[in-house]
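S.K.: Provided below for reference: sequence and predicted model.
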Amino acid sequence: MSARAAQCPNCGAEILFSGGSSLVTVCKQCRAAVARKGVALENIGIVAELVPTSSPFRVGMASRGSRAVKPFRIVGRLQLSTGEGTWDEWHIAFGDGGFAWLAEAQGGFWVMLPLAPPRVPEWEGLEAGRPLPLGAYGNFTISEVRQATYVSAEGDLPFVAPPGSAFRYADVSGADGSLGTLDYGDDPGLDGFFVGRKVELAELGIEGLTAWKERKAGAKAQALNCPSCGGALQIRDPAATVRIACTYCGSLLGSRDKGAEGPPSKFDVLEKLSAVPFRPTLPLGSEGTLDGRPYAVLGALLKKTSSGGTDYFWVEYLLKETKSEAYHWLAESNGHWTLLAPVAAGAVTDGVRFAVYDDRRYRVFGRNLAVVEAVLGEFYWEVRKGETTQAADYIAPPRMLSKEQAKSEVNWTEGRYLPKADLEAGLRLKEPLPVPTGVGACQPWPHEGTARLWWRSAFLLSGLAILVFLFVLIRDPRKVVFDKTFDLVDSKQTVYAERGTMPPKVDWQAQSSSKSIADRAAAEAAAAAGRVLLSEPFETGRSTNLEATIWAPTQNTWIGVGTDLISETTGEARSFYLLSDRYSGVDGGESWSEGSQSRSVFVSQVPPGKYVLRLEPEADAGKAPTSFRVRLRSGVPRIWKLVVTLFLLLLGPAWLGFSKMAFEGRRWSESDFTSAGTVREDGDDSGSDSGGDE
Ligand SMILES: [Zn+2]
Ligand SMILES: [Zn+2]
């Protein structure tokens with residue numbers, strides 16, 4: 001480091017250029033910005049008095065270095081202002097003569113290293129939200145385009161520009177979360193290009209820093225009484241709060257002193273109100289843990305959008321994530337809650353119907369002009385009623401991606417649906433939150449977990465049922481165990497019951513399956529009358545079902561056969577009825593037919609063994625067919641059983657499917673878009689919130 005002492009050309013006091021990157025130093029004595037040009041020194045202007053800011057850094061602080069950054073010294077401070085806010089950029093010098101800017105932005109700290117400027121359009125042609133390819137540096141998204149003024153400085157600066165000059169710049173966001181700054185200075189051309197990464201305060205390795213918590217504790221005395229109503233206000237974010245809307249009277253407090261930007265030491269009444277403009281459901285000042293992070297609820301914005309002549313309202317709560325010091329948001333709409341954290345604009349690919357972030361695709365759900373209707377609580381920026389942004393929401397339930405586009409900047413937040421119970425428990429709320437109505441934009445379908453289980457088990461059981469069916473089919477191949485034609489004309493062919501072995505007559509109309517040996521005399525009488533036929537014994541295979549089929553040459557007549565399947569071993573009988581009937585004719589020139597010459601019935605679970613058939617044919621007198629044939633087959637698959645099983649198994653999942661469709665229908669009825677991302681045609685959706693809970 002080539003520290004060089006000299007004399008101030010303005011007042012003669014000793015000045016010191018501390019590093020190789022120090023092109024200008026500000027005289028402590030007279031605040032002259034002194035530039036070195038070769039060996040000559042030149043006073044290029046007097047800087048204004050420094051505005052006190054909440055920055056934790058001071059000129060002269062040193063870092064021992066860390067994994068995130070080489071060892072450095074803070075050699076200068078540049079103070080910039082847009083008229084709406086003042087901030088510091090810290091000039092840090094490394095031991096090798098190089099330098100960087102240490103900046104505080106978006107609730108984080110950034111070490112911005114100078115790189116060779118890429119080819120870029122002129123500053124006037126830049127627009128926030130637009131993509132900007134930067135050649136070898138990759139593709140960036142313009143997140144902010146602004147003009148600031150170089151108000152003041154302290155120590156050394158790495159550039160030569162007169163105090164009070166304009167600073168035009170654009171911030172660009174890279175896909176990997178990096179932040180770039182295009183410095184245009186006060187001319188159309190690019191003066192410098194810096195790219196950096198976010199670092200934690202602790203990662204900077206600077207000793208003697210006061211952490212936010214300690215600063216907050218130190219500033220706890222910053223409880224104040226509302227200058228309008230006298231109510232006792234506790235400032236939760238004293239290091240950054242510039243606006244307070246009194247939670248007792250609604251009056252807007254801030255500093256009326258134009259010069260003193262940053263958190264004021266004294267709050268004046270900027271707008272006097274006599275009552276709070278709205279009552280937030282979350283108590284402001286609440287502290288607790290959400291999603292495993294510590295939070296404090298700072299303020300609430302009531303926002304409004306108009307669509308088709310109707311005003312829609314929702315509330316956005318500003319939260320401070322007290323560990324990382326980042327600002328997050330909690331959005332409340334119809335009792336539904338979404339917790340959102342900022343994400344780098346460059347990490348989002350913004351399409352018409354979809355947006356992609358972190359490899360997740362979000363569908364467009366709403367685009368509207370959002371207006372701040374009322375504010376309450378404390379804010380780190382100069383919040384105003386009537387502030388308007390172009391907002392867009394994209395959903396991938398339970399997650400949501402939100403875009404807020406203002407004139408000179410674009411901000412993206414991403415987060416997830418927060419069940420009301422999580423919020424009540426996380427913030428230890430005494431009063432339960434209101435019951436949500438309708439379906440929230442990114443509310444997950446409540447049966448997602450159970451449905452997955454159901455679908456999975458139904459799938460497995462269906463597979464199992466099919467396997468069992470196939471197994472039985474292979475194990476018990478179709479086999480004819482009995483096939484015989486009974487001639488009703490030639491009585492010799494019929495096998496009559498032999499005396500003594502005659503099985504009992506069975507009443508086939510009663511579906512009883514077990515009968516005892518009964519009235520032998522009655523059976524013999526029936527056989528003698530020629531009404532009962534008895535088959536020869538036959539064997540069935542494994543325990544199986546039997547398909548019994550009858551064929552008869554019925555033509556405009558019928559034959560019914562009361563049949564008993566009788567086990568020779570147990571005497572147990574299974575009864576069924578076989579029917580063959582066929583009628584046809586011509587009626588009014590049209591031929592018709594009905595009935596069937598062949599029909600089948602199933603007898604289930606027939607144990608293996610020897611059986612005989614006892615058949616009792618009946619027909620109209622004189623109109624009986626000449627013969628009938630009876631066939632018994634084992635191992636005949638009954639596919640309808642499988643079909644019914646599959647149907648029953650899929651009933652639950654099908655119901656869940658319908659329930660999910662209905663849920664999605666209710667979700668998208670709240671959107672101006674269809675679930676395919678096209679603009680809804682019917683425009684007038686009289687969103688009837690029938691709050692039937694799923
Ligand atoms: Zn001087
Ligand atoms: Zn008040």
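M.R.: Okay, I see it. Numbers count the residues shown, from 1 in each chain. Ligands and ions are numbered 1, 2, ... in the order given.

S.K.: Quick one: the helices in the stretch 501-650 of the chain, in order.
M.R.: Using DSSP state H, counting those that start in this stretch, the helices of the stretch 501-650 of the chain run over residues 520-528, 639-668.

S.K.: Sorry, slip of the keys, the one I care about is the stretch 201-350 of the chain.
M.R.: 212-218.

S.K.: Okay, P52 and Q605: tell me how far apart.
M.R.: Separation of P52 from Q605 (Cβ to Cβ, to the nearest Å) stands at 93 Å. For every residue, glycine as well, the C-beta is placed using N, CA and C.

S.K.: More neighbours: which of the two?
M.R.: Taking other Cβ atoms under 10 Å, P52 and Q605 do not tie; P52 has more neighbours (13 against 10).

S.K.: from the stretch 301-450 of the chain, which residue is nearest to ligand 1?
M.R.: With Cβ to the ion, the shortest gap between the stretch 301-450 of the chain and ligand 1 falls at E382, namely 34.6 Å.

S.K.: So that residue lies in a strand, does it not?
M.R.: No. According to DSSP: H, G, I helix; E, B strand; the rest coil, E382 belongs to no strand; its state is coil.

S.K.: Burial check on it, number of neighbours?
M.R.: 16.

S.K.: go on, A136?
M.R.: 7.

S.K.: Any chance of the backbone angles for it?
M.R.: A136 adopts backbone torsions of phi -70, psi -20, taken as degrees, to the nearest 10.

S.K.: quick one, what contacts it?
M.R.: By Cβ atoms under 8 Å, 6 or more residues apart in numbering, the contact list for A136 reads P118.

S.K.: likewise K623?
M.R.: Per Cβ under 8 Å, 6+ apart, neighbours of K623: T557.

S.K.: How about R67, nearest residue that isn't a chain neighbour?
M.R.: Using Cβ to Cβ, 6 or more residues apart in numbering and skipping the chain neighbours, the partner closest in space to R67 is E203 (7.3 Å).

S.K.: Y317 too?
M.R.: L330 is the one closest to Y317 (Cβ to Cβ, 6+ apart), at 4.2 Å.

S.K.: next one: Q79
M.R.: Among residues not flanking Q79 along the chain, S152 sits closest, at 4.1 Å (Cβ to Cβ, 6+ apart).

S.K.: mind checking which helix or strand the one you found is in?
M.R.: S152 is located in strand 139-157, with elements delineated by DSSP states H and E.

S.K.: For that strand, which helices and strands make contact with it?
M.R.: Strand 139-157 sits against strand 24-26, strand 72-81, strand 86-94, strand 131-133, strand 166-174, strand 410-418, with contacts defined as 3 or more Cβ pairs under 8 Å, 6 or more residues apart in numbering; DSSP states H and E.

S.K.: Please identify the most buried of those strands.
M.R.: Comparing the helices and strands packed on strand 139-157 by mean neighbour count (mean count of other Cβ atoms under 10 Å), strand 24-26 ranks first with a mean of 26.

S.K.: about what we covered before: so which of the helices of the stretch 501-650 of the chain gets nearest V480?
M.R.: Comparing the helices of the stretch 501-650 of the chain by their distance to V480 (Cβ to Cβ), the top pick is helix 639-668, with 19.5 Å.

S.K.: how far out from the middle of the chain is the closest one?
M.R.: 23 Å (Cα atoms, centre = their mean, to the nearest Å).

S.K.: Check the average confidence over it, would you?
M.R.: The average pLDDT within helix 639-668 is 90.

S.K.: Give me the buried stretch members for that helix, please.
M.R.: In terms of neighbour count (16 or more other Cβ atoms under 10 Å), helix 639-668 has its buried residues at 642, 645-646, 649-650, 653, 656, 660, 663, 666-668.

S.K.: quick revisit: what degree of burial does the residue nearest to Y317 show, as a neighbour count?
M.R.: For L330, using other Cβ under 10 Å, the count is 22.

S.K.: what number of residues lie near P537?
M.R.: By other Cβ under 10 Å, 13 other residues sit near P537.

S.K.: Ramachandran angles for it?
M.R.: Main-chain dihedrals, P537, degrees, to the nearest 10: phi -70, psi 150.

S.K.: Run through the bridge partners of R77.
M.R.: When assigned by DSSP bridges, R77 has beta-bridge partners W90, E154.

S.K.: For P283, list the residues it contacts.
M.R.: Shown in contact with P283 (Cβ under 8 Å, 6+ apart): 297, 429.

S.K.: where along the stretch 351-500 of the chain do the strands fall?
M.R.: 354-357, 360-379, 388-396, 399-405, 410-418, 479-487 (DSSP state E, counting those that start in this stretch).

S.K.: Understood, closing this out.
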